[in-house]
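[1] here's my sequence, what's the structure:
(one chain, ligands or ions: 1)
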Amino acid sequence: EKGGYDHFMLKEIYEQPRALRDTLKGRISHTRDKVVLDEIKMTAKEIKNIKRIVITACGTAYHAGLVGKYVIEQMVRIPVEVDIASEFRYRDPLIDKETLVVVVSQSGETADTLAALREARRRGARVVAITNVIASSVAREADDIIYTWAGPEISVASTKAYTTQLVAIYLLALFLAQERKTMAAGNIKEILDELKALYSKVQEVLDNDQPIKEFAEKYCRHEDAFFLGRGLDYAVALEGSLKLKEISYIHAEAYAAGELKHGTLALIVENIPVIALATQQSLFEKMVSNIKEVKARDASVIAVAMQGHTEVEKVADQVIYIPKTHPVLAPIITVIPLQLLAYYMAVNRGCDVDKPRNLAKSVTVE
Ligand code: M6R
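    Predicted coordinates for the structure are as follows:
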């Protein structure tokens, strides 16, 4: 049932090209320039009246939501807040009829996420659910559902659910941009074309796992690791860090690279593994300076950058190049080496990869 893989997690990591393709299927017009989201039943007027968007979720789904904030704000120019569901539900949240609430949940059964959904609806908000499980509680109670077609995810560590949640979020953002006319048709088409090209790029990264295996072998005995990034890379850093701590039990922290000087730099000592994400062109130079800062403290840096950005080789110890894509879509590719890194670190440490201690696949109680 593991399809020849040692663990479900690895199988699910390798299923991502298929899962991404299935999640996109039927959601791009035949003319290739429009998003088709018939599952969103909002009227044009309702879409026009949205004043705020709140995304709420737990764990990895929350990290997908963080990507959503950057993407939706950029494409739709509506303010977006992202809130952890267990915080949102008890915070007496500011929600009204002009707020669109997006809940993200692989299982659709997470207690806090479901409670957040109910709270939002009680306050009159319309709720869009992004979920992987047909007829799950979240799906049944939301106003609109965008299903991800990841297929069953068995491993506790979420991988293909995250990348397909990102696809759903991109589609929702592009759909809102299309309906509210906040993006030129040509730009929407450009991103849709890139979205379709993603699965083969993800496959390319999966086929190039050797440097990650080597890094994992070299650094698996460390007890601390840091993930740095700016903008969308920061959101992905948080996900990479969660993955590593969850399955390898290495203490990992993600930092917005600009925050280094405000505290974290005190923890950077000789040989500490730092995973620096530098895929965002507009922030590239800033990331290069941050890498220099940690290198000056003798950290061991593995950087993730887009092909062509070879300047990073001069500052990092090792570079994983990801195929070029539109910067806004980079998270789907950038997270792949981080998933593999967490996986191989955990395997080298002899951890129970698919069933990490103390954790359950679906958190149906508080
Ligand atoms: O089923 P959900 O998406 O609602 O689950 C949310 C989190 O419990 C989940 O993403 C968790 O953080 C994963 N174990 C992370 O790999």
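[2] okay, CA-based contacts and neighbour counts for the rest of this
    Noted.
[3] which residues of the stretch 51-200 of the chain lie near the ligand?
    On the criterion CA under 6 Å from any ligand atom, the ligand has as its neighbours in the stretch 51-200 of the chain the residues 58-61, 105-108, 110, 156-158.
[4] of the residues you listed, which is the most crowded?
    S105 (31 neighbours; other CA atoms under 10 Å).
[5] next, count neighbours for the nearest residue to that residue once chain neighbours are set aside.
    Counting by CA to CA, 6 or more residues apart in numbering, S105 lies nearest to T131, which is 5.0 Å off, once chain neighbours are set aside. Here the count is done by other CA under 10 Å, and T131 has 29 residues near it.
[6] where do the helices sit along the chain?
    Ranges of helices in the chain, per DSSP state H, are 8-14, 16-24, 44-48, 59-76, 85-88, 111-122, 137-141, 160-180, 185-207, 210-219, 232-248, 284-295, 330-348.
[7] gap between the residue in the stretch 201-350 of the chain positioned nearest to the ligand and E194?
    Residue nearest to the ligand within the stretch 201-350 of the chain: K243 (5.8 Å; CA to the nearest ligand atom). In this view, K243 and E194 are 26 Å apart by CA to CA, to the nearest Å.
[8] then A276?
    Note on A276: its distance to E194, by CA to CA, is 24 Å.
[9] who has more neighbours, those two?
    A side-by-side neighbour count of A276 and E194, using other CA under 10 Å, places A276 first with 29 against 16.
[10] for that one, report the pLDDT, please.
    For A276, the pLDDT comes out at 98.
[11] pretty sure it contacts I302?
    Yes. Between A276 and I302 there is a contact under CA atoms under 8 Å: 6.2 Å.
[12] export the helices of the chain to CSV and append columns for mean pLDDT.
    CSV is the format used below for the helices of the chain (pLDDT from 0 to 100):
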stretch, mean pLDDT
helix 8-14, 98
helix 16-24, 98
helix 44-48, 96
helix 59-76, 98
helix 85-88, 96
helix 111-122, 97
helix 137-141, 98
helix 160-180, 98
helix 185-207, 97
helix 210-219, 93
helix 232-248, 98
helix 284-295, 96
helix 330-348, 98
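[13] just put those helices in CSV and tack on distance to G258.
    What follows is these, written out as CSV (distance: least, CA to CA, whole Å):
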stretch, distance to G258
helix 8-14, 30
helix 16-24, 31
helix 44-48, 35
helix 59-76, 17
helix 85-88, 26
helix 111-122, 31
helix 137-141, 37
helix 160-180, 25
helix 185-207, 28
helix 210-219, 25
helix 232-248, 10
helix 284-295, 8
helix 330-348, 19
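[14] give the closest residue to L232 in space, chain neighbours not counted.
    If the residues on either side of it in the chain are set aside, L232 comes closest to V67, at 6.1 Å by CA to CA, 6+ apart.
[15] burial count for the one you found?
    Residues contacting V67 under the criterion other CA under 10 Å number 24.
[16] just checking, it touches A235?
    Yes. Between V67 and A235 there is a contact at 5.9 Å, judged by CA under 8 Å.
[17] which ones are touching L192?
    Contacts of L192 were listed using CA atoms under 8 Å, 6 or more residues apart in numbering, and they are 28, 32-34.
[18] nearest to the ligand among those?
    Distance from the ligand was checked for each of these by CA to the nearest ligand atom. The minimum falls on I28, at 24.9 Å.
[19] surely the closest one and D38 touch.
    No. Using CA under 8 Å, I28 is not in contact with D38; the gap is 10.9 Å.
[20] and those two? Which one has more around it.
    I28 (18 against 12).
[21] give me the beta-bridge partners of the more buried one?
    V35 (DSSP bridges).
[22] how much space between it and K196?
    According to CA to CA, I28 and K196 sit 9 Å apart.
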